[in-house]
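Enquirer: Just need the structure, nothing else, for what follows:
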Amino acid sequence: MDRDSYVYLLASKPYGTLYLGVTSDLIQRVWQHREKFVKGFTTRYSVSLLVWYEIHGDIMEAIKREKQLKEWKREWKIDLVQEKNPHWRDLFDDIVG
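Expert: Numbers count the residues shown, from 1 in each chain. Here you go, the predicted structure:
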């Protein structure tokens, strides 16, 4: 049985710096970003708000979608967030439930 995988967008603040990633464990991965266990871009630019994500049936689908979205213009990624999360709420608490 395939495990769900996720493509996600983190932001530093509404309309701020964006980070696009892929994972098979969204809660753990976002927590790692928030706690700064992931050194690099997200730590350097304080990018830790989960503002958008989508679920895929397997990791290969998620990786394919991530690659597609990485080619998108910033404006299109902002539109993607605006469509599902117009107030740029941090969705982390929603998924931890």
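Enquirer: In this protein, what residue spans correspond to helices?
Expert: Assigned by DSSP state H, the chain shows helices spanning 26-34, 41-44, 59-70, 74-84, 92-96.
Enquirer: What are the buried residues along the first one?
Expert: Buried residues in helix 26-34, counted by 16 or more other Cβ atoms under 10 Å: 26, 29-31, 33-34. Quick note: C-beta positions are derived from backbone N, CA and C, even for glycine.
Enquirer: I'd like the distance between residue 7 and residue 97.
Expert: In this view, residue 7 and residue 97 are 20 Å apart by Cβ to Cβ, to the nearest Å.
Enquirer: who has more neighbours, those two?
Expert: residue 7 (24 against 5; other Cβ atoms under 10 Å).
Enquirer: wait, doesn't the more buried one sit right on residue 65?
Expert: Yes - applying Cβ atoms under 8 Å, one finds residue 7 in contact with residue 65, separated by 5.0 Å.
Enquirer: Find the residues that touch each one of those two.
Expert: Residues within reach of residue 7 and of residue 65 at once, by Cβ atoms under 8 Å, 6 or more residues apart in numbering, are 22, 54, 56.
Enquirer: Most neighbours among the residues you listed, which one?
Expert: residue 22 leads these on contacts (other Cβ under 10 Å) with 21 neighbours.
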